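[1] Provided below for reference: sequence and predicted model.
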Number of protein chains: 2
Amino acid sequence: MTVLVLTCEEDVTADAVVLQLRRRGVPVLRFDPADFPGRADLAVRVTPDGQVTGHLATPGGRVALEEIRSVWVRRPGTPGAHVSAEQRAWITLECERALWGALRATGARWMNDPDALERSRHKLWQLATAARAGLRVPDTLVTTDPDEAARFQKGYADAGSGLVVKSVSGRHPQNPPLTLPTAAVPPDADFTGVAACATCLQQRVPKRTDLRLTVVGDRYFPAYVTPRTPTLDWRFLPADASTWVAGEVDGALRAAVRRYLQEAQLAYAAFDFAIDERGDPWFLEANAGGQFLFAEIETGMPMTEAIAAWLAIRRE
Amino acid sequence: MTVLVLTCEEDVTADAVVLQLRRRGVPVLRFDPADFPGRADLAVRVTPDGQVTGHLATPGGRVALEEIRSVWVRRPGTPGAHVSAEQRAWITLECERALWGALRATGARWMNDPDALERSRHKLWQLATAARAGLRVPDTLVTTDPDEAARFQKGYADAGSGLVVKSVSGRHPQNPPLTLPTAAVPPDADFTGVAACATCLQQRVPKRTDLRLTVVGDRYFPAYVTPRTPTLDWRFLPADASTWVAGEVDGALRAAVRRYLQEAQLAYAAFDFAIDERGDPWFLEANAGGQFLFAEIETGMPMTEAIAAWLAIRRE
């Protein structure tokens, strides 16, 4: 049975996992949905008894749908990339529904399930779910109302504290036009602009360090950052300005993270926690498509191997 | 507690349900997400204990988030409609995540849950799920492979039967550029074009009539069509060329439909069945956003009232 890896052509993280799978002798097919149709063929048959059979033939090889043991949703492109612009909308829609519908109908294991992935992209849902799971979350306001924003800041300023501002959608910094680093809100901030776009303001957690907790199935990979200079958002540091070190997390945190993942129906997530002066973790976000290779390279923790091992499990 | 109806301005079906809710004395707010931001304001706060509070202020009124009992996802527009094109991509993304994240975090009841709605748009998943639930489904092939398509047809032609072709994405005919009526495949069909776009071919069920089974929670509204002339796709008939008549469905069909809806996590769906010469129903599709008003008007069955009653139930 084959592992299907859905990603674009240039993806060194996928390269690493594919290598691990090959070493294990697990058949793997790497495929970019952008190549469908045109460079790839699909045939899916649903018979009256509910059997789903067929094949996906791609530039990298061919797989029977009933032989797909798991699907790793990494950085898949959109079908129709090679279709002329005039026809693309219709062909993309039809081919998206065909390809994803076929994969959803197979019964393969997902890392991550497409619906769980979409749900998990909502930061407000994340925060509410994390709090219900027993994780400590920072007080957060998302608003288009300048007065609400000013009142929220005043409350924290009066208590001698402050806020940060971050993006609501939390796009990864590798998509520069659509990303905003987390930044401190100055005491004299003018909130007029908040009316133009939903803005996420969050209680600033005075932090000692950051914890990146990567979870693969039931395996936990905690990495702590030690920046040379304190920073609000480690993603924007130059590569040599911080060091990730493998560490531990206690049983209470593991249990709460497990509850979160169960509720979120995710097999993989990269959690960001701020560790405060007392050593307590604050949930900032859980990125279901988050990167892990940078932390693996610095800490030596075997996340690539864990992902390959999870994907290699046969479906029931 | 308020019912939130997400839909565009011109939606007579929403008008009918809103009227029913008002008659029942249930507070209702109708809102088009396209009006956010700009014509609507949002403030959502998640506190460290996981409480979600805030408000949505719209041209039609204001609601506290914790007072939303249910959300009816009808025909919602996309946030950012009133934003200049240059800024729209970013603002739309941020505001979508803010608005839908807020609603997902509230704990309101959904008709239908956004993830369930998205999953249900995959026809191949529908067919596999329907068959597992015990519904009879027609043999179906979705493919970009002309040879597979020709072989599939030959198998049915050899048995003295035929195929229909329909769209994979199943867009509603009210979006004309993106819709294809279900049509018979001629015996001498040239399948070369199948390579250009995923194509859905389906065993043609010789049918006596069509059953439109609208389900609202646990209430079933079966309507049978009696066209003056036999037709493959009643959606494209002139309004006066067919008549819908209220009817019955047996317990086995109800039970299978109930299993389907449980698996699909849907509170509402409009099922299309072909009734064959022996009177047996064949599942064609379940449209989670399907129209019902045309069938209500002709049959008198109280679907509008059922939807209003479901939406009026208070959340736990």
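    Happy to help now that I have it.

[2] Remind me which helix or strand whatever residue of the stretch 101-250 of chain A ends up closest to chain B belongs to.
    Residue of the stretch 101-250 of chain A nearest chain B, by C-beta to the nearest C-beta: A:Ala131 (2.8 Å). To be clear about C-beta, it is placed using only N, CA and C from the backbone, and glycine gets the same treatment. Element membership for A:Ala131 (DSSP states H and E) is helix A:123-132.

[3] how about the strands in the stretch 101-250 of chain A?
    Under the criterion DSSP state E, counting those that start in this stretch, strands of the stretch 101-250 of chain A are mapped to A:109-111, A:140-143, A:163-166, A:183-184, A:199-203, A:207-216, A:219-227, A:242-246.

[4] Now do the helix holding A:Ala131: distance to the chain's middle.
    Relative to its chain's centre, helix A:123-132 lies at 15 Å (C-alpha atoms, centre = their mean, to the nearest Å).

[5] list the helices and strands it packs on?
    strand A:140-143, helix A:251-264, strand A:281-287, strand B:41-46, helix B:85-106 (3 or more C-beta pairs under 8 Å, 6 or more residues apart in numbering or on different chains; DSSP states H and E).

[6] Can you add mean neighbour count and give these back as CSV?
    What follows is the helices and strands packed on helix A:123-132, written out as CSV (neighbours: other C-beta atoms under 10 Å in any protein chain shown):
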stretch, mean neighbour count
strand A:140-143, 26
helix A:251-264, 17
strand A:281-287, 23
strand B:41-46, 24
helix B:85-106, 21
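
[7] do you know which of those lies nearest B:Ala252?
    helix A:251-264 (34.6 Å; C-beta to C-beta).

[8] Need the CA coordinates for that closest one. PDB is fine.
    The C-alpha coordinates for helix A:251-264 follow below in PDB (Å, rounded to 0.1, in the frame of the first residue of the first chain):
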ATOM      1  CA  GLY A 251       2.100  15.500  31.700                       C
ATOM      2  CA  ALA A 252      -0.500  18.200  32.300                       C
ATOM      3  CA  LEU A 253       0.500  20.000  29.100                       C
ATOM      4  CA  ARG A 254       0.600  16.800  27.100                       C
ATOM      5  CA  ALA A 255      -2.800  15.800  28.300                       C
ATOM      6  CA  ALA A 256      -4.300  19.200  27.400                       C
ATOM      7  CA  VAL A 257      -2.600  19.200  24.000                       C
ATOM      8  CA  ARG A 258      -4.000  15.700  23.400                       C
ATOM      9  CA  ARG A 259      -7.500  16.900  24.200                       C
ATOM     10  CA  TYR A 260      -7.000  19.800  21.800                       C
ATOM     11  CA  LEU A 261      -5.900  17.500  19.000                       C
ATOM     12  CA  GLN A 262      -8.800  15.100  19.600                       C
ATOM     13  CA  GLU A 263     -11.300  17.900  19.500                       C
ATOM     14  CA  ALA A 264      -9.600  19.300  16.400                       C
END
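
[9] Tell me which helix or strand comes right after it.
    strand A:268-276.

[10] Between strand A:281-287 and that following strand, find me the angle.
    Direction vectors for strand A:268-276 and strand A:281-287, defined by axes from the mean of the first three to the mean of the last three C-alpha atoms, to 10 degrees, enclose an angle of 150 degrees.

[11] Return the distance of strand A:268-276 from the chain's centre.
    With C-alpha atoms, centre = their mean, you get 12 Å for strand A:268-276.

[12] Give the buried residues for that strand.
    The neighbour-count check on strand A:268-276 (16 or more other C-beta atoms under 10 Å in any protein chain shown) flags A:268-275 as buried.

[13] now stretch A:23-38
    Under the neighbour-count criterion of 16+ other C-beta under 10 Å, stretch A:23-38 has A:26-38 buried.

[14] ok, the residue of the stretch 101-250 of chain A closest to chain B - contacts?
    A:137, A:283, B:46, B:48-50 (C-beta atoms under 8 Å, 6 or more residues apart in numbering or on different chains).

[15] and if we set it to 7 Å?
    A:137, B:46, B:48-50 (C-beta atoms under 7 Å, 6 or more residues apart in numbering or on different chains).

[16] For A:Val164, see how far away it is.
    Using C-beta to C-beta, to the nearest Å, A:Ala131 is found at 18 Å from A:Val164.

[17] try A:Val245
    Taking C-beta to C-beta as the measure, A:Val245 falls 24 Å from A:Val164.

[18] Of those two, which one has the most company?
    A:Val164 (20 against 13; other C-beta atoms under 10 Å in any protein chain shown).
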